[in-house]
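Chemist: Following is a predicted model, sequence given first.
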Amino acid sequence: MALKFDYVIRETGRNLRRNLTLTVASVLTVFVSLALLGVALLLQKGVSNATDRWEDGVEFIIFLQPDRSTSQQERIESMLERQVPGAIDRYRFVTQQEAYEEFSNDFFPNTPEITDLVTPEILPPSYRVVPTELDAEQVEVLARSFEDEPGVRRVIRATEEIRKIERATDVVRWIVLVAGIILLATGLLLILNTIRMAMFARRREIEVMKLVGATNWFILVPFMLEGTAQGIMGAAMGSGAVYGANRAFARWLASDNVLNILQSFAVDSGEVWGIALLLMGIGAAVGAVGSAIAAYRWLDV
Amino acid sequence: MALKFDYVIRETGRNLRRNLTLTVASVLTVFVSLALLGVALLLQKGVSNATDRWEDGVEFIIFLQPDRSTSQQERIESMLERQVPGAIDRYRFVTQQEAYEEFSNDFFPNTPEITDLVTPEILPPSYRVVPTELDAEQVEVLARSFEDEPGVRRVIRATEEIRKIERATDVVRWIVLVAGIILLATGLLLILNTIRMAMFARRREIEVMKLVGATNWFILVPFMLEGTAQGIMGAAMGSGAVYGANRAFARWLASDNVLNILQSFAVDSGEVWGIALLLMGIGAAVGAVGSAIAAYRWLDV
Amino acid sequence: MIKLESVTKVYKGEVLALHEASCDIQKGEFVFLVGPSGSGKSTFLRLLNKEEDPDKGQIFVAGKDIGRLSRWRVPYLRRNIGSIFQDFKLLPNKTVAQNVAFALEVIGRPKHVVKTQVPAILELVGLQKKMHNLPHELSGGEQQRVSIARAFVNRPLILLADEPTGNLDPATSVGIMRLLDRINKTGTTVVMATHDRGIVDTMRRRVIELDRGQIVRDQVRGVY
Amino acid sequence: MIKLESVTKVYKGEVLALHEASCDIQKGEFVFLVGPSGSGKSTFLRLLNKEEDPDKGQIFVAGKDIGRLSRWRVPYLRRNIGSIFQDFKLLPNKTVAQNVAFALEVIGRPKHVVKTQVPAILELVGLQKKMHNLPHELSGGEQQRVSIARAFVNRPLILLADEPTGNLDPATSVGIMRLLDRINKTGTTVVMATHDRGIVDTMRRRVIELDRGQIVRDQVRGVY
Ligand SMILES: Nc1ncnc2c1ncn2[C@@H]1O[C@H](COP(=O)(O)OP(=O)(O)OP(=O)(O)O)[C@@H](O)[C@H]1O
Ligand SMILES: Nc1ncnc2c1ncn2[C@@H]1O[C@H](COP(=O)(O)OP(=O)(O)OP(=O)(O)O)[C@@H](O)[C@H]1O
Ligand SMILES: [Mg+2]
Ligand SMILES: [Mg+2]
């Protein structure tokens, strides 16, 4: 058994070295395909992080008339209260001062000539309501029920806007995911082919092995190890690239305040490790399965 | 010569068919790599289109005091006029009414509770100035020269914002471009390897050909054609994908008003054809060069 | 040791390579297989090795019906049979020593056995100097001797030799035949296909003659 | 036609395959090359074909110093030389007919010539029935005959044959030798390496004997 182990390691190493260009090509392809797949997964995580945040945020806003009466406001508040925890998850009252701060800090941080024009008094106070259901129609029904209340100036739904952004990111995510999967399939095909070509080039060797009484496993194992090693090497490089990309992206987001809406896209390193592990697993599996399939052809005794 | 042509076509076809899986793998890799490269080029075109438009747009805005005097305004206007066509390309006066329309239509189309608060009277009139030079520092100097003029409320520069967006798209463009180039290199490596493996598997054949007196070209041409055919097939698929992607993107942008800022990213079909042709050229070159390099090894008489 | 019962082998449904061949070879026998080119000698040997399966009839090797052998038992059958192939079948990327050692590694022999056995057998066939050469660096006769060494090295019960002297000069041939004779004397059954009239006539062993797939002669102390 | 002037060939700086060999073979001669395994016969033939280059000395073929031949002229040299290789060197993916036709296509012979020549030569070597078989479907002797047919087919000036009867039974061998003799009578120079004592002794042609790379005998009507 000790001898056999020796033999297997020696053969695998020799084969990897002998087909160096081919090994490099396979590893690179796996690398690129898994890196893309990783980015796709990362993006998916990012989008789900970001939408989580939005979903936690305001789903619709009830603006009140500046000249509402206290009883009108109490009535609205009790209407809201009654539906917690039914249709409404939670709600929050935003005073005129808070609204002003939001307006000048969040919306127009760099354009005082606009915010200068606005004073807390002219901005309406509002209720920010988070419904339990995110289904657009149900939110619509709920929102409409407040529309005709006295003291309510207007109800606006963020739902539609969020849906649009979600759809946009969905599309991007799908594009990246599909590209990643196509590349992964290409990678699988390539590993399979690398191993098959390697076996084709060595088909006489395999034939001779069989004729001097080698068992199938004795022949197969070095080839499978070879494929697995290629898969893992590619996956390791891919994981590294994904990790690096996430770091760079996070740092870039942090240093730049243009796209701070994307801040929530950054994925924490725990999740990145998870993705890296997944990639390694896929790489190893692709390598082993590819070589097994390729080898199978030459092995019907 | 007629016979030779026959022979070459027959051999090439036979080889492509014989190594079907390998051919498919190469073609797919070239396809994916060129598709990515194409997308990178498309994005570059898109970004340059988009920035062209922005660069045509407003570079800085001089907001005037609502209570400016006519002579103050005339002085400002003559200052502007004097620099056309020197530092300033052109400028435009925006009245309060126009500013209001822009405010309510462009900035807050769905939120009347904000626009309701604003009347034309409280919005300041402004000059929108397009400098000839886009260099940030020169624009800054120019902008500052208006800052202390009487009658000027505030000068804001769009420059910095545009630079930021440009930088953001630059980063995206670079990522896609680098991914495309890595994949293209992988593709080249793979074509090279496919051909090399094909020749390795047929090295005895080549040896025999040489021994019965075949010239190098007689041996080489079918292999080179094989590589070129693979490259072109991959490139054709890649071009198709790029064309399709652009169409789908353009249609999606048109149907959706979320990301209408991206409208200008759509690339017209003439440019897409240019890219497709470029891709075909690259594919053919990669195939021919790859097989020539691979073949060279086996041909030192 | 080896028994064929009306064995027929047809290639591609039309080439009758072996037709109703029956014979019985005892343990320790030395048998020459002769006949014109294409008469089925190599086919006969390939069937014993289970490289090919017969279309009709039964083949017994060491008492076992090899037609009934399950797939995974085939390697173990082959470990009892040493084969010298007409086209040598050496591994092109391994040196002479590695080629011979391989036959021992495959069946799990410990390292020290490999280390002593390989040089010994190479000396026997006169190739100790070419130990570290690759097959393509050898002359035709040298390659043939490597293939003989590989077939011998694990002392098989049966030795199948397909024209082991086809590429050898008369002097070397005599040496190889002495070696085969010695191996045979230790109890190994030897079946050898050959065209070499001189060898057959000198050795005077059992001769089976094939002609167009049929056994036309089976003589105990025969000539070519 | 062929002239060697003190030609030496050393493999890997240590194996002296040919040592100061000189000889002169006239147009139309028939020469046997004999000697023990590893004595340099195949090397001798490979040098004439420019498969290998000598380390010392000059070789003239058809009056030209082939050491001075530019790389791109080599194919044209080889078109004048038919070679029968010790290991056949058939193309494994082409049928027997395609293998033979290939030698004609390579030198640009028109289609109708290929179509008539190939079946004719295959009949000559007795393989008309195996025309559409692949090499691995042939017996050893049949493969050897395909390689002979391929070497003949374009009527070369010189024919180099490396053990063309190594895998053939005596009867077929005689047939092949008759064929070689006939070819030789049409003016083709034939150089043939062989181990077959019977053939050499029957034909009584010029014999060059090699031993450890040296020409030890050059006899006009020699025996083995
Ligand atoms: N795989 C195959 N497919 C089709 N025909 C085959 C195959 N293998 C052998 N044959 C045919 O079967 C017949 C017997 O072949 P075999 O190799 O047994 O002959 P042989 O006696 O060994 O001849 P030789 O002395 O020339 O080696 C031949 O006519 C050969 O062409
Ligand atoms: N490529 C090579 N590298 C190293 N040594 C070689 C090479 N080719 C041949 N030799 C050695 O050169 C010597 C002569 O070889 P050659 O093939 O000419 O012999 P031969 O006379 O044809 O023998 P045989 O009758 O066995 O075919 C042999 O000892 C052989 O091992
Ligand atoms: Mg045979
Ligand atoms: Mg030789």
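Modeler: Received, thanks. Ligands and ions are numbered 1, 2, ... in the order given.
Chemist: Residue of chain A closest to ligand 3, please.
Modeler: Taking Cβ to the ion, ligand 3 has its nearest neighbour within chain A at residue A:211, 15.3 Å off. From N, CA and C alone the C-beta is placed, and that goes for glycine too.
Chemist: repeat for chain C
Modeler: Counting by Cβ to the ion, chain C gets nearest ligand 3 through residue C:42, at 3.1 Å.
Chemist: which residues touch that residue?
Modeler: Contacts for residue C:42 (Cβ atoms under 8 Å, 6 or more residues apart in numbering or on different chains) come out as C:86, C:162, C:193, D:139-140.
Chemist: Export the helix or strand harbouring it to CSV, keeping only CA atoms.
Modeler: Taking DSSP states H and E as the criterion, residue C:42 maps to helix C:41-48. Below are the C-alpha coordinates for helix C:41-48, written out as CSV (Å, rounded to 0.1, in the frame of the first residue of the first chain):
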residue,chain,number,x,y,z
LYS,C,41,-1.7,-17.0,-34.6
SER,C,42,-1.8,-13.6,-32.9
THR,C,43,-5.6,-14.0,-32.6
PHE,C,44,-5.0,-17.3,-30.8
LEU,C,45,-2.7,-15.7,-28.3
ARG,C,46,-5.0,-12.6,-27.8
LEU,C,47,-7.9,-14.9,-26.9
LEU,C,48,-5.9,-16.5,-24.1
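Chemist: Distance from that helix to the middle of the chain?
Modeler: 9 Å (Cα atoms, centre = their mean, to the nearest Å).
Chemist: check whether it contacts ligand 1.
Modeler: Yes. Helix C:41-48 comes into contact with ligand 1 (Cβ under 6 Å from any ligand atom), by way of C:41-43.
Chemist: At which residues are the strands of chain C located?
Modeler: C:2-11, C:15-25, C:30-34, C:56-61, C:64-65, C:81-84, C:158-162, C:189-193, C:206-211, C:214-219 (DSSP state E).
Chemist: mind checking which of the ones you listed is nearest chain D?
Modeler: Closest approach to chain D among the strands of chain C (Cβ to the nearest Cβ): strand C:2-11, 6.7 Å.
Chemist: In chain C, which residue is most central in space?
Modeler: residue C:160 (2.0 Å; Cα atoms, centre = their mean).
Chemist: pLDDT score for that residue?
Modeler: Residue C:160 carries a pLDDT value of 96.
Chemist: Wait, residue A:206 touches residue A:199, no?
Modeler: Yes. With contact defined as Cβ atoms under 8 Å, residue A:206 counts as touching residue A:199 (6.5 Å).
Chemist: Alongside chain D, which residues does chain C contribute?
Modeler: Chain C comes close to chain D at residues C:11-12, C:15, C:34-38, C:41-42, C:86-87, C:137-142, C:145, C:162-163, C:166-173, C:195, C:197-198, C:224, as judged by Cβ under 8 Å from any Cβ of the partner chain.
Chemist: What subset of those is buried?
Modeler: When these are checked for burial by 16 or more other Cβ atoms under 10 Å in any protein chain shown, the buried set is C:15, C:34-38, C:41-42, C:86-87, C:138-142, C:145, C:162-163, C:166-170, C:172-173, C:195, C:198, C:224.
Chemist: which among the residues of helix C:41-48 next to ligand 1 are in contact with ligand 2?
Modeler: Within those, nothing lies near ligand 2 by Cβ under 6 Å from any ligand atom.
Chemist: Skipping adjacent residues, who's closest to residue A:208 in space?
Modeler: In this structure, residue A:208 finds its nearest non-sequential neighbour in residue C:89, 5.0 Å apart by Cβ to Cβ, 6 or more residues apart in numbering or on different chains.
Chemist: repeat for residue C:60
Modeler: In space, residue C:60 is closest to residue C:3, 4.2 Å off (Cβ to Cβ, 6+ apart).
Chemist: what pairs with the one you found across the strands?
Modeler: Residue C:3 has these beta-bridge partners by DSSP bridges: residue C:24, residue C:60.
Chemist: right, and it touches residue C:26 too?
Modeler: No. At 9.6 Å, residue C:3 does not count as touching residue C:26 under the criterion of Cβ under 8 Å.
Chemist: show me what contacts residue A:61?
Modeler: Residue A:61 neighbours (Cβ under 8 Å, 6+ apart): A:126-129, A:155-156, A:158.
Chemist: tally of neighbours for residue C:179?
Modeler: Close neighbours of residue C:179, defined as other Cβ atoms under 10 Å in any protein chain shown, add up to 19.
Chemist: Might one say that it is in contact with residue C:121?
Modeler: No. Taking contacts as Cβ under 8 Å, residue C:179 lies outside contact range of residue C:121: 9.9 Å.
Chemist: any idea what sits nearest the residue of chain C closest to ligand 3, other than its immediate chain neighbours?
Modeler: residue C:162 (5.5 Å).
Chemist: isn't that neighbour right up against residue C:89?
Modeler: No. Assessed by Cβ under 8 Å, residue C:162 is found out of contact with residue C:89, at 10.2 Å.
Chemist: gap between residue A:126 and residue D:90?
Modeler: 89 Å (Cβ to Cβ, to the nearest Å).
Chemist: which ones are touching residue A:84?
Modeler: Residue A:84 touches A:90-91, counting by Cβ under 8 Å, 6+ apart.
Chemist: Could you rerun that using 7 Å?
Modeler: residue A:90 (Cβ atoms under 7 Å, 6 or more residues apart in numbering or on different chains).
Chemist: my read is it is in a strand, agree?
Modeler: No. Counting by DSSP: H, G, I helix; E, B strand; the rest coil, residue A:84 is located in no strand; its state is coil.
Chemist: for it, phi and psi?
Modeler: phi -90, psi 130 (degrees, to the nearest 10).
Chemist: Good, wrapping up.
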